[in-house]
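# Okay, here's the prediction I keep looking at, along with the sequence it came from:
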Amino acid sequence: SNQTLIAPSILSADFARLADEVAAVKGLPGRGADWLHVDVMDAHFVPNLTLGLPVVQSLLAATDLPVDCHLMIENPDRWAVGYAEAGSYNVTVHVEAADDPVMLAKDLRAAGARAGLAIKPGTPLEPYVEVLKHYDTLLVMSVEPGFGGQEFIGEVLDKVRKARALVDTGHLNLVVEIDGGINTDTIGRAAEAGVDCFVAGSAVYAAEDPAQAVERLRSRVEA
Ligand code: DX5
Ligand code: ZN
């Protein structure tokens with residue numbers, strides 16, 4: 001795979017101190033975070049409610065990190081483009097929620113963002129290979145979406161391997177991202193399966209030094 005990307009999820013950060021929490025993964029030691037992962041939940045697609053476009057707009061103004069919006073919402077066909085227009089680097093929608101994922105990818109790209117497609121742990125990859133030709137990112141969920149701090153579901157690595165093979169043979173051109181339960185114990189298996197971008201919430205923000213936690217994760221996958 002290409003360059004390793006580490007994407008801390010602010011879901012596990014202190015929401016009253018978001019700017020400080022974002023700054024805490026940017027800095028020394030090391031390169032810091034590559035993307036900032038922002039989990040948008042609507043209490044309908046998932047049984048949890050987090051934040052929406054106004055907070056994302058404020059975050060975009062507060063950081064120069066590429067913002068990676070993970071929309072765990074119903075009707076992304078209606079809402080996702082706003083996150084792209086706001087200046088997000090990558091906007092990921094769930095295939096289980098999108099009515100017309102091909103049109104949505106085109107709209108996201110036209111609005112200036114990379115387009116991401118997420119699949120829940122129980123959602124197969126095969127039916128969406130043609131759809132994924134329109135996307136820049138595949139987000140493989142390795143927990144049921146909705147909450148941080150859950151246990152890694154290793155079975156999803158079969159889908160990562162399939163996606164990796166499709167990318168390596170030129171059938172798809174995607175960043176393969178994994179989200180859920182990534183920590184220093186699990187990241188190596190995910191990297192071996194072919195993940196490019198690793199989301200980590202609790203493994204980063206429960207740590208005493210979030211920037212150091214980012215580098216600890218990176219050191220497990222980069223020789
Ligand atoms: C869960 C979110 C994740 C979450 C991961 O639905 O999509 O991004 O923050 O948290 P950890 O890394 O603690 O599993
Ligand atoms: Zn996420």
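Alright, I've got the coordinates. Ligands and ions are numbered 1, 2, ... in the order given.
# how would you label the closest residue to ligand 2 within the chain: helix, strand or coil?
Checking the chain residue by residue against ligand 2 with C-beta to the ion singles out His70 as nearest, at 3.7 Å. C-beta coordinates here come from the backbone N, C-alpha and C atoms, glycine included. Under DSSP: H, G, I helix; E, B strand; the rest coil, the three-state class of His70 is strand.
# what's near enough to touch it?
Ser9, His37, Val38, Asp39, Val40, Thr92, Gly116, Ala118, Leu139, Asp179, Val199 (C-beta atoms under 8 Å, 6 or more residues apart in numbering).
# Tell me the one of those residues nearest ligand 1?
Ser9 (3.4 Å; C-beta to the nearest ligand atom).
# ok, the closest residue to that closest one other than its chain neighbours - contacts?
The spatially closest residue to Ser9, leaving aside those adjacent along the chain, is Gly201, at 3.6 Å (C-beta to C-beta, 6 or more residues apart in numbering). With contacts defined as C-beta under 8 Å, 6+ apart, Gly201 is in contact with Pro8, Ser9, Ile10, Leu11, Ser12, His37, Asp39, Gly148, Gly149.
# Show me which residues of the protein are close to ligand 1?
Where proximity means C-beta under 6 Å from any ligand atom, the interface of the chain facing ligand 1 comprises 9, 11-12, 37, 39, 70, 143, 145-150, 179-182, 199-203.
# ok so, going back, relative to Tyr83, how far out is the residue of the chain closest to ligand 2?
Computed with C-beta to C-beta, to the nearest Å, the distance linking His70 and Tyr83 is 10 Å.
# hey, what's in contact with both of the two?
Counting by C-beta under 8 Å, 6+ apart, the common neighbours of His70 and Tyr83 are Val40.
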